[in-house]
Every structure is written in C-alpha cells, then in structure tokens.
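J.: Return a 3D structure for these sequence lines:
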Amino acid sequence: MSSSHGEKRPKGGGKFTLCSSVVAKCGTESKNLCRNRLYEYDDDETWNDVLHDVLEGEDFTLHKTDTVNAVVADKLMGTITFTPDMEEPIRIVKEFDQTLKSVNRDKDVHCDVTFRVGKEGKLVHVHKYVLASRSPVFDAMLYGDLAESDDIIVPDIEPSSFDALLRYLYCDDISFTPDTVTSVLYAADKYGVDDLVTKIKSYLDQNITNETVLTVLESAKLFNLEDLLQKCEDFIASDPFPVLQSSSALEITKETLTYIISLDSLVMDELDIYHFLIKWTENQCDKVGIEKTDPNIRAMMGDLIYLIRFPFMNLESFAKDVCNRDILNAQEKLNLQQVIVGNLDKTSTKFKFEKRICKTFCVLPGESPRYMGVWSYRRNLEDCIEFT
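T.: Modelled structure (predicted):
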C-alpha cells in the first residue's frame, strides 16, 4: 500500500515510542484498533511489525484491498495520520525544537504535575504522559498504586540539571556542561533514564583530558563505573603534574584527593605530592575563612597527612622542605628523620611505608618541573629506572 497524496509520512531515523491508534477499513466496515499502550521500534522495522503488535489478540482479518490508517503520536509532538506501506521501514524522527514548542512546556500549557526542585523548591510544571513514557520510575511515581497526588519534592537535584533531564525526556536533546555532567548523570540514574545514563557514560569516557579527568573521576566513583574509574586512575597516575595543575584540581573533594594520593601507581615524587596537599588545604582554608597558619593547615588536612610517604624522601629534602614548617609536629619530624636514616622502626609512626610502584616502565622524577614523556633526573635522588 502506498501513501496517499498530501499525507504526512514519517521521516528520519532512530528509536521512538509509538502510542498507537490504528484504524483498519474492510470495505465499508472500519475497525478502530487503538491501544492504550506504548510500542518501541527501531527504524529498520516495518509497519507490518507495528500492525502485528496492534492486532495481537484481535479477531480481525485484513485483505489485500483493505487499507490501514495509522495515527502516530510521538511525545506529544502532535499526530501524524497516513496510510503506511506495510513493507516500508519505519522512519520517524523527533523534531527537537518543534517538539518542545508544540507541548508548550515553558508556558505550562496542559501541564498536569508540578515538581518543587532544588533547595529553593523552584516550581517546574510538566506533563505526566511525557515523563511516564520515558522513565519507569516516573511511570510508577505518577501512575502506580502509590502515585503521588501533591507536588513532588526533589531537593537533591538543582533546577538546571532537572531541566537538562526534562529536555532529554521531551525531545532527546542532551544538554550539560563539564560542571553539570555529574548532576545530570545523577538525575538520569535516579529516574531510570538508562539511555541517557549510557550516553553520558560514553561522553565521559571519550572526554578525559587534564582539565576534565578529575570531574570524570568523581562521577565514576559516585556511580560505581569501574571501567571508567580505572581509565581515570591510569590517566592520572601516569602523568599527574598537568592534572594537579589544572584549574579544577584545587576544587576536588577531600574524598577524591584521598583516592588520588593513596594510589600506589602515582608517578610523582612524595615532596611534590606534599606541596600539592598544602596548596589544596590552603584553598580549603580560604573557602571557610580560616587563617592559613601551619597549625590550621594541619588541622584542615586531618588524616590526609598520613598518606604522604615521607619515609621515601631523602634526608636533605625532608629537612629543607618539610621541617622548615610546623605542619608536622616536633615528634613526628624527629621520628621520620630517624626512620629515613634507618634508626627507627617504621611501626613507630602512622605514616605509610608502602612504596609507590609504577604500573608501566618509567623514569623517576627529574629536573623537569613536570613529567612530559621525557627521560630526566633529579640531583637529590638516586639514578634509577624501575620495571614492574
């Protein structure tokens, strides 16, 4: 069967949800095969597949001379009525901007549920059908046995991230920035929007750079993305200097910093790690308005200081660059000095004694201020190449 002149046809490609309303005509008899169900198809399936699903369980036979009109409603984009060629592949595409305009979400036209989003409880008006058709969590929340009748409170997602989720639910528009990607991923995961979760994971996986890896790492830890977490770990451990000098490095959480400086594979001198820990802690002091004195810095560091492997510093560097400040107390300095020269058992201190071991062939740190894939040396360290 071919399309009638002047009738709109599906166009484009991709997966879509079909709220089917199909009218079949046998001679003068018409049969409305409308189903209050949602069907999902790939664009290479045919309209025969649609008809087969719609006719399931119906005592109705189609003949060669019969016609079938399909009314397709795609996410409230409006209806398209046409006489489909049964052998032709389905090709329906969402017209993103027109979709959003047609449902008039921004103008609250025909909205039937309200969310109070973020700490301030911003009012967001939406359509139940759209949300329920895209998310099993929203479906249960809005149409299930325990469906909520009052405004729905969402205190753990900021309005900008919730809006990004809605844009995807309404029109498949993916909208986030490196600063909001984590919160949008959280929202998608919370409401079971699995295809958006998959797309954000893919984005994160393909956009690991010195500037973004720390944000990606925090997302991977938050959502238990083991493969992505390992990729971030390897990226940071192999060349940590440019990462820790990035604009976002001083803004990472204490948990993320703990994870990084705990890495046995971190290719970085302990003194450099110690200096970065001081810079990060000074930034934390600035945030809470605390004077950046050595005692305050030590208090703000807490147990992070014990992750610095001071016993692997040489005595000259330790005396010059660590003992010149009062971040360590006098007894800790004395004990560590004695451990470094081998006069005190390591069990007498809380500091870590496990040596960092590179996962790959590497040259230990040298004169260059950062590791840039070059062989170099530092005069106050023994010359060595380590294979693991």
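
J.: Only C-alpha atoms from now on, for both contacts and neighbour counts.
T.: Noted.

J.: which residues in the stretch 251-388 of the chain form strands?
T.: 362-363, 385-386 (DSSP state E, counting those that start in this stretch).

J.: Find the nearest non-adjacent residue to A132, please.
T.: Spatial nearest neighbour of A132, excluding adjacent residues (Cα to Cα, 6 or more residues apart in numbering): D139 at 4.0 Å.

J.: The one you found: which element?
T.: Assigned by DSSP states H and E, D139 belongs to helix 136-143.

J.: helices and strands around that helix, which ones?
T.: helix 128-134 (3 or more Cα pairs under 8 Å, 6 or more residues apart in numbering; DSSP states H and E).

J.: Counting neighbours, what do you get for the nearest residue to V193 once chain neighbours are set aside?
T.: The shortest distance from V193 to any non-neighbouring residue, by Cα to Cα, 6+ apart, is to S135 (5.6 Å). Neighbourhood size, S135 [other Cα atoms under 10 Å]: 17.

J.: So what does S135 have for phi and psi?
T.: Torsion angles at S135 (phi, psi; degrees, to the nearest 10) stand at phi -140, psi 120.

J.: confidence score at P240?
T.: At P240, the pLDDT value in this model is 91.

J.: just the one 4 residues further on next, same as before
T.: Per-residue confidence for L244 comes out at a pLDDT of 91.

J.: What's the local residue count around it?
T.: 18.

J.: any idea how far it is from I236?
T.: Per Cα to Cα, to the nearest Å, L244 is found 9 Å from I236.

J.: ok so, going back, my understanding was that the residue nearest to A132 contacts L131; is that so?
T.: Yes - with contact defined as Cα atoms under 8 Å, D139 reaches L131; the gap is 7.1 Å.

J.: more crowded one of the two?
T.: For D139 versus L131, neighbours defined as other Cα under 10 Å are more numerous around L131 (21 against 18).

J.: which residues sit in contact with the residue nearest to V193?
T.: Counting by Cα atoms under 8 Å, 6 or more residues apart in numbering, S135 touches Y191, G192, V193.

J.: Emit the ChimeraX select command for whichever of these are buried.
T.: Buried residues among the contacts of S135 (16 or more other Cα atoms under 10 Å), as a ChimeraX selection:
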select :191,192,193
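
J.: For T293, state which of the contacts of S135 is nearest.
T.: The nearest member of the contacts of S135 to T293, counting by Cα to Cα, is Y191 at 45.5 Å.

J.: so that closest one touches D139, yeah?
T.: No - with contacts counted by Cα under 8 Å, Y191 stays clear of D139, the gap being 9.7 Å.

J.: list the buried ones in the helix holding D139?
T.: P136, V137, F138, D139, M141, L142.

J.: Just checking: what are the partner strands of the next helix or strand after it?
T.: Using DSSP H and E, the helix or strand that follows helix 136-143 in sequence is strand 152-154. Using DSSP bridges, strand 152-154 pairs in its sheet with strand 113-117 (parallel).

J.: What strands line up against the helix or strand following the partner strand, and which way round?
T.: Later in the chain than strand 113-117, the nearest helix or strand by DSSP H and E is strand 122-126. Its sheet considered, strand 122-126 pairs with strand 113-117 (antiparallel) by DSSP bridges.

J.: What residues sit buried inside the partner strand?
T.: V113, T114, F115, R116, V117.

J.: can you tell me how far the residue nearest to A132 sits from V184?
T.: Applying Cα to Cα to D139 and V184 gives a distance of 19 Å.

J.: Which pLDDT value belongs to the closest residue to T180 other than its chain neighbours?
T.: Of all residues not flanking T180 in the chain, S161 sits nearest, at 6.7 Å (Cα to Cα, 6+ apart). Looking at S161, its pLDDT stands at 92.

J.: So what's the residue count around the spatially closest residue to H127 that is not a sequence neighbour?
T.: The shortest distance from H127 to any non-neighbouring residue, by Cα to Cα, 6+ apart, is to C111 (4.7 Å). Each residue near C111 was counted by other Cα under 10 Å, and the total is 17.

J.: and C111, how far is that from V137?
T.: For C111, the distance to V137 equals 19 Å [Cα to Cα].

J.: what about D145, how many residues close to it?
T.: Using other Cα under 10 Å, D145 has 8 neighbouring residues.

J.: Apologies, that question was intended for L169.
T.: The tally of other residues near L169 (other Cα under 10 Å) stands at 21.
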